[in-house]
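Visitor: Sequence unavailable; structure follows:
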DNA sequence: AAAGCGGTACTTTTT
DNA sequence: GTACCGCTTT
């Protein structure tokens, strides 16, 4: 038993075996932090601790999943699968569902993601007739979010003198009001946003001592990963749950704290010492991941920060190659250079695709890189970005699911009541909303029974409303009869969504239809996994959980899932990884390319204002550099397209800060075109120069330019000037062939078949086109 | 009610 | 460069 402990070094082993009492592990990058957590849990299990009484909180679902798998390989699947392991949000969402009635919710409450929250805030701002510029929905939501993360309720917010003063001075005195209305609306819709999951967990543990007691007794061992990224709300949950026996182990690295923008508080690490005077500290400073050059460079970077717990990582690995710094003229050349370096390394060193990662500061940077990789036929996977679950068509189908499960979900209802179009337009919907507000009823109640509220509606509208509500009700009745796949498929079909996309034959619609189908496939997979697990073993029953493979079960976590978590085909993993540095936290790759090291991009222009923010960017740089095991290439460009405009860029200050012994500057130039920028010309020109020198982007096809020159601008044509079989160009649809001209006077229209967009009828009175021949 | 057009604002990072 | 919004028209 526990002979697996021999795979650890001394300090790791100590940290693992110190199972009782408060333990803090300060773990440098690459020092085997995850390993300590994994082995600690495996060790507890091997000592006979029940998996049901271990709570392990991670930062991403993916981290939890991987850790579970590693524990399973040490002590067996049966023990590992019953651990309480996941993100704060997913673990406490589960507990909140079980205890929902105590805090005035149904256990089928909906979880709103950031997009949903923003939509709602925006709606409220409009209803209040506030200036949308002063009250930017995103900013308002941020303000509410940070209040919640500090456990300031809407009521407290409005009572707090300092907060009110702050908002008044910022010329946004109504934020408190918006916060109150927002919370009311969420409650009315039986919904919680991300921050509510933590906020209400605090409420639950604060106001219900018996519940607190129950979970204190239940979770006899608590472990928290990435502790430096917890916020106050999370800190307090952990503190309360652990206060009974104090078997709490936290693992973190202040140098890798990169989520302050989201309320994370490094002080939580410092507080640990005060809260638990009996604590033991273990420092892990030996790095097993990276070469000496990389470790040395990383130490040099973090030294520039003033606020930190002193710690220096070291390694016994080889010196390794130097960090390469590349300077390219444009983002396209940067991308092409990276692609060609990857391709060379694959040929020369027999490296695999999955050995490479390309990291960047913002998601938007992936586009140019993707293009270059495609050109070189290098398979890749983009992590994060617009998640699958955020796409419009997927959100629409999910809105049906949400409404079926929770008919109070007004946001879902308004989203789909007329999608696909079923003749219930804005005028009607507004009447319904007014009636709902006047009678203090939910919108669904009004839709279900408009007669009761005496709304002046035409009989055909009444019919359409009743068709819609009976459809939703009939789906609802099948929630516990059909599994998620069967019901989901039915909804996609009978709602008309599949048909809606099927009837159009443009590439966009086809893509959207495929995404809906992929969602249905996901449902089928979900059912399979649940059923195979249930046949092997029984899971612990939590009060209030229903049929295991129901649509409701699927929907419980869907808002908390990200693309990072949906590890598809295991056969299909040999790909180059593209992701933001934030997403790369906790991961490692043999070869890392870090692109876009330019002022105002990295560090971000949003963060150069204060030293706190700048230090966070520097920690982010530290995280990026320490992802690399063997080789690291950093690149920056002289120019880049931003907001569709051409911009000159200066190298990031972080490059200057790098230890000169660890780097080599390379002066190779990768030329994708004959145009290269004369460097001398760029000096002295402001980097934010927005003078629209229309340097045509490289990818614009020459064909288009030629047409523009030959045929002038897009304009309106008369019937007389057009004939069947003519080839024309439309600004949006591109080239197409006229197959029919019909109609009289104002109604004269040409039917045109466009490449890729199918058949369209253009009204000649309005459609601006261009003749091709 | 639906489609097309033109204007505007947006991009930091994520559970 | 694009996603979204609102206006206009049939």
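Guide: Perfect, I can see it now. The shown structure was predicted, so the numbers you read here are calculated from the model rather than taken from an experiment.

Visitor: quick one, what contacts residue A:321?
Guide: With contact set as CB atoms under 8 Å, 6 or more residues apart in numbering, residue A:321 has these partners: A:291, A:293, A:630, A:631. For glycine as for every other residue, the C-beta is placed from the backbone atoms N, C-alpha and C.

Visitor: Now tell me which helix or strand of chain A has the poorest mean pLDDT.
Guide: helix A:702-711 (a mean of 30; mean pLDDT, DSSP states H and E).

Visitor: Could you verify my assumption that residue A:150 touches residue A:232?
Guide: Yes. In this structure, residue A:150 is within contact of residue A:232 by CB atoms under 8 Å, at 5.1 Å.

Visitor: higher neighbour count, the two?
Guide: residue A:232 (21 against 15; other CB atoms under 10 Å).

Visitor: and the gap between the more buried one and DNA strand C?
Guide: From residue A:232 across to DNA strand C, the span is 32 Å (CB to the nearest atom of the strand, to the nearest Å).

Visitor: What of residue A:280?
Guide: Taking CB to the nearest atom of the strand, one finds residue A:280 at 50 Å from DNA strand C.

Visitor: give me phi/psi at that residue?
Guide: phi -120, psi 140 (degrees, to the nearest 10).

Visitor: repeat for residue A:221
Guide: Per-residue torsions, residue A:221: phi -130, psi 120 (degrees, to the nearest 10).

Visitor: who's in contact with it?
Guide: Applying CB under 8 Å, 6+ apart, we find residue A:221 in contact with A:19, A:44, A:49, A:53, A:54, A:55, A:247, A:249.

Visitor: quick one: residue A:596 from DNA strand B, how far?
Guide: Distance, residue A:596 to DNA strand B, using CB to the nearest atom of the strand: 11 Å.

Visitor: Residue A:520 now?
Guide: To DNA strand B, residue A:520 is 23 Å away according to CB to the nearest atom of the strand.

Visitor: what about that residue, helix or strand, and which?
Guide: Taking DSSP states H and E as the criterion, residue A:520 maps to helix A:507-536.

Visitor: hmm, who's touching whatever helix or strand comes next after that helix?
Guide: Later in the chain than helix A:507-536, the nearest helix or strand by DSSP H and E is helix A:551-558. Helix A:551-558 is contacted by residues A:90, A:93-94, A:97, A:108, A:110-111, A:389, A:398, A:401-402, A:404-405, A:479, A:482-484, A:487-488, A:523, A:526, A:530, A:545-547 when judged by CB under 8 Å, 6+ apart.

Visitor: so where is chain A shaky, pLDDT-wise?
Guide: Residues of chain A that meet the criterion pLDDT under 70 lie in A:1-2, A:505, A:534-546, A:562-572, A:669-721, A:729-737, A:740, A:742-773.

Visitor: Relative to DNA strand C, which residue of it is the closest?
Guide: Closest residue of chain A to DNA strand C, CB to the nearest atom of the strand: residue A:644 (2.5 Å).

Visitor: helices and strands around the helix holding residue A:520, which ones?
Guide: Judged by 3 or more CB pairs under 8 Å, 6 or more residues apart in numbering; DSSP states H and E, the packing partners of helix A:507-536 are helix A:392-405, helix A:484-494, helix A:497-502, helix A:551-558.

Visitor: when you compare where that helix runs with where helix A:484-494 runs, what's the angle?
Guide: Calculated by axes from the mean of the first three to the mean of the last three CA atoms, to 10 degrees, helix A:507-536 forms an angle of 160 degrees with helix A:484-494.
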